[in-house]
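Kindly return the folded structure for what I paste below:
(chains A, B, C and D)
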There are 2 protein chains.
Amino acid sequence: MTTSQLAKKASVNLETVRYYERRGLIPEPPRTESGYRDYSQDIIARILFIKRAQDLGFTLKEISELLSLRVDPDTTCCDVRQRTETKIRDVDEKISDLQRIREALTVLVQSCKGKGPTSACPILEAIDTKETSHANH
Amino acid sequence: MTTSQLAKKASVNLETVRYYERRGLIPEPPRTESGYRDYSQDIIARILFIKRAQDLGFTLKEISELLSLRVDPDTTCCDVRQRTETKIRDVDEKISDLQRIREALTVLVQSCKGKGPTSACPILEAIDTKETSHANH
DNA sequence: CTTGACTCTGTACCTAAGTAAAGAGTTTAT
DNA sequence: ATAAACTCTTTACTTAGGTACAGAGTCAAG
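Have a look, this model is predicted:
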């Protein structure tokens, strides 16, 4: 099938298909005599795999590696499991960062009654006058 | 003081100072006769404000807006408070997304004993064969 | 045959926040 | 005076994941 047929069946943009090929996520397909790409049916599933792995937080680079692992006879489940555990740790760290930010923002909001000019706003003042925490950044 | 003196005192890269000027976060300073920028001391504090607001999760665009609010006589604390509350909601949404991802990844890891070839890996199979959740994306 | 829709390639563009580099002018210390 | 370090402007580049577009070739339906 053509590129746009594949894109429609996999629910991605036509350009995205070509992008994934450039990035090595899908193989370059055979061509028709006129030079059109001629995709086989299994590429639909491959693109769906990519999008689902993206939903799980894997980057395209990581997904490309997973796809390679899948067909490499020298690798085991253990490799995949480890990458998934690493991703969990990445996610945990991001959550922690965001929770730290949330707490700081909450403190700021609670310090501000929402009345008065911005020139005397406790939030802006707190950001402005905080001790040299950045210097230790 | 010169650009690099400012950069050192504010603990940012020389290029970053010029970048912030291009982005309108800091004003274009007066120049010496030779064309060198001549920054006043208060710009140090301004850059520190920017970095601290960044640490709190605000984008440079949002920070630029906060800085404008600070000197606008028509705005009140309420404006700042609302932006901070919006940022909290942004952060909450990101945390929720990440927690959803974490849960899905955890389920995957628990399904895999780490033994066997990747061709029969429960994690990869789950990503591969998940029902048409993407199509509903 | 004609026209519109399709395909292709290669390049450019977007977002956000920087960072790098070339070439030319200026400053500083010896 | 000299050389090295500095400053400037302009342009380009990075990351990640796309998306757009021009110009040329191809396909399909009327």
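
Give me the domain ranges for chain A.
Using automatic domain parsing, the domain parsing of chain A gives A:1-75, A:77-130.

how about these in JSON lines, adding mean pLDDT, mean neighbour count and distance to DNA strand D?
Placement of C-beta: from N, CA and C, glycine included. Output for the domains of chain A, formatted as JSON lines (pLDDT from 0 to 100; neighbours: other CB atoms under 10 Å in any protein chain shown; distance: least, CB to the nearest atom of the strand, whole Å):
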{"stretch": "domain A:1-75", "mean pLDDT": "94", "mean neighbour count": "16", "distance to DNA strand D": "3"}
{"stretch": "domain A:77-130", "mean pLDDT": "90", "mean neighbour count": "17", "distance to DNA strand D": "12"}
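
And those domains: which comes nearest B:Arg18?
Of all the domains of chain A, it is domain A:77-130 that lies closest to B:Arg18, at 23.0 Å by CB to CB.

do that closest one and DNA strand C meet?
No - Domain A:77-130 does not reach DNA strand C (CB under 7 Å from any atom of the strand); its nearest approach is 13.1 Å.

tell me the contacts of A:Ser4?
Counting by CB atoms under 8 Å, 6 or more residues apart in numbering or on different chains, A:Ser4 touches A:Leu14.

Kindly report the same for A:Arg37.
Going by CB under 8 Å, 6+ apart, A:Arg37 touches A:2-3, A:29-31.

cool, A:Tyr39 as well?
A:1-3, A:5-6, A:29.

cool, A:Thr106 as well?
A:Thr106 sits in contact with B:Ile88, where contact means CB under 8 Å, 6+ apart.

Let's see which of the contacts of A:Arg37 end up in helices.
Using DSSP state H, the subset of the contacts of A:Arg37 located in helices is A:Thr3.

That concludes my questions; thank you for your assistance.
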